[in-house]
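Visitor: Sequence below, structure please.
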Amino acid sequence: MAGQDQDRAKIAALRLRLIEWYGSNRRDLPWRKTQGPYAIWVSEIMLQQTRVAVVVERYQAFMARFPTLVVLAEASEQDVLALWSGLGYYRRARMLHKAAQFVASNYEGNLPVTSVELRALPGIGPYTAAAIASIAHGEPVAVVDGNVERVLCRMAGWESASRAGAAALRRKIEKLAARLVDPERPGDFNQAMMELGATVCLPRNPKCLVCPISADCKTRGEHKTSPRPRMLSREVGHALSVRMGRSAGKARGAVSREVLLEQRPETQTVMPGLWELPVLRESAVPEMDLRMTVRHAIMQVNYYVRIRTVFEDDVDAMTVPGGARRWAPMNEAARMALTGLTRKVLSRAHLLPTVALDAIAPRRDGEVL
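Guide: Alright, predicted model coming up:
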């Protein structure tokens with residue numbers, strides 16, 4: 001009994017130190033200024049496998065364009081993908097949109113309250129459900145993302161397991177997380193754990209000297225982890241084909257240009273429905289015809305991309321037939337659901353007009369949802 005009392009006192013002290021540290025050291029991030037479940041949901045989906053610095057700007061634009069779950073549900077998928085362009089992993093956006101439509105139809109636009117109910121929605125797994133339920137509604141359920149997993153493994157002195165032992169290690173981590181979570185302030189505790197892993201308990205060179213819970217850590221430094229899978233490398237070429245717009249002569253002195261874009265078929269497993277530059281038949285481009293080279297990473301693949309200027313009359317002969325194609329005016333292209341690579345190329349070529357992110361994909365005829 002005395003041992004249990006000591007253990008409870010030790011955990012209570014750890015919770016207090018961690019939450020106090022979080023109150024003084026947390027980063028000023030826009031989604032931390034609200035306890036609204038919809039806003040928390042959007043931020044958590046965006047933050048999956050995406051750097052915080054990238055998410056901040058996109059999150060603010062997304063919330064400005066889709067301020068409520070119902071507004072998001074009523075938007076078209078292409079509008080949603082346009083605001084997501086540049087974040088990658090577009091399936092997240094599609095599932096977010098589908099879940100919003102489901103909630104609007106079945107829950108009168110209000111997200112379920114409990115983590116169990118939330119997990120029934122498309123695209124919401126244990127981590128996201130726990131984050132929403134604990135932060136927005138105070139449910140005492142632990143959030144375990146990659147950062148929290150690293151913190152807990154170091155605290156307990158657990159090395160990463162082989163593939164055969166990964167499930168057992170995961171169960172131990174989840175059990176420890178559930179034991180530590182603060183039942184009184186679960187949202188703050190979960191965010192503190194995530195913040196600790198993101199800013200102090202780093203994968204390499206952890207800042208143990210400033211860690212608020214270092215006294216409870218058995219590792220106090222880096223621990224052995226499985227090697228990260230090697231990135232694959234691929235070479236690809238895309239055609240940059242630009243022509244003077246058909247409406248160029250309507251106004252004296254007006255200059256209108258259009259770019260040829262191709263929509264990825266819905267049958268594609270990666271980025272279906274998004275618009276990209278046509279793919280060249282030959283990825284090798286002669287130096288004299290090379291417009292630019294771009295390095296672009298998608299999941300575990302590094303793409304080394306060669307961009308070649310292709311005249312309108314040569315497009316069919318030099319590119320691979322794919323999805324539907326269209327000539328898009330540059331102002332319109334800036335608002336379309338472009339792949340991240342296409343947006344990057346057009347921006348570097350100084351062809352894409354600068355458009356405020358919250359102005360992407362406006363409603364027709366000025367309609368505001």
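
Visitor: Buried residues, stretch 316-329. List them.
Guide: 318-319, 323, 325, 327-328 (16 or more other Cβ atoms under 10 Å). Quick note: C-beta positions are derived from backbone N, CA and C, even for glycine.

Visitor: In strands only, show me these.
Guide: Secondary structure from DSSP state E places 325, 327-328 of the buried residues of stretch 316-329 in strands.

Visitor: Hmm, Cys153 is touching Ile173, no?
Guide: Yes - with contact defined as Cβ atoms under 8 Å, Cys153 counts as touching Ile173 (6.8 Å).

Visitor: Between those two, which is the more surrounded one?
Guide: Cys153 (23 against 20; other Cβ atoms under 10 Å).

Visitor: Going along the chain, name the strands of this structure.
Guide: Going by DSSP E, the chain shows strands at 232-240, 242-244, 257-263, 275-276, 290-298, 301-309, 325-329.

Visitor: Can you check the pLDDT for Pro337?
Guide: Careful, residue 337 is Ala; it's not Pro. In this model, Ala337 is scored at 89, pLDDT.

Visitor: ok, now Ala359?
Guide: Reported pLDDT for Ala359: 44.

Visitor: next one: Cys153
Guide: 93.

Visitor: With adjacent residues omitted, what lies nearest to it?
Guide: Distance criterion Cβ to Cβ, 6 or more residues apart in numbering; nearest residue to Cys153, sequence neighbours excluded, is His223 at 6.2 Å.

Visitor: List the residues that contact the most centrally placed residue in the chain.
Guide: For the chain, the residue nearest the mean C-alpha position is Met46 (3.5 Å; Cα atoms, centre = their mean). Residues near Met46 by Cβ atoms under 8 Å, 6 or more residues apart in numbering: 55, 58-59, 62, 87, 92.

Visitor: What ranges in this protein fall below the confidence cut-off?
Guide: Along the chain, segments meeting pLDDT under 70 span 1-5, 161-164, 225-226, 246-255, 354-369.

Visitor: Distance to Leu16 for the buried residues of stretch 316-329 - can I get that in TSV?
Guide: Below are the buried residues of stretch 316-329 laid out as TSV (distance: Cβ to Cβ, whole Å):
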residue	distance to Leu16
Met318	66
Thr319	62
Gly323	57
Arg325	61
Trp327	62
Ala328	57
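
Visitor: between those, which is nearest Pro265?
Guide: Nearest to Pro265 among those is Gly323, at 4.7 Å by Cβ to Cβ.

Visitor: Distance of the closest one relative to Gly273?
Guide: 9 Å (Cβ to Cβ, to the nearest Å).

Visitor: which residues are common contacts for the two?
Guide: Joint contacts of Gly323 and Gly273 (Cβ under 8 Å, 6+ apart) are 263-264.

Visitor: now Pro265: how far from Met318?
Guide: Applying Cβ to Cβ to Pro265 and Met318 gives a distance of 20 Å.

Visitor: before we move on, back to that, can you tell me which of the ones in strands among the buried residues of stretch 316-329 lies closest to Met244?
Guide: Trp327 (10.3 Å).

Visitor: show me the contacts for that closest one.
Guide: By Cβ under 8 Å, 6+ apart, the contact set of Trp327 is 243, 245, 258-261.
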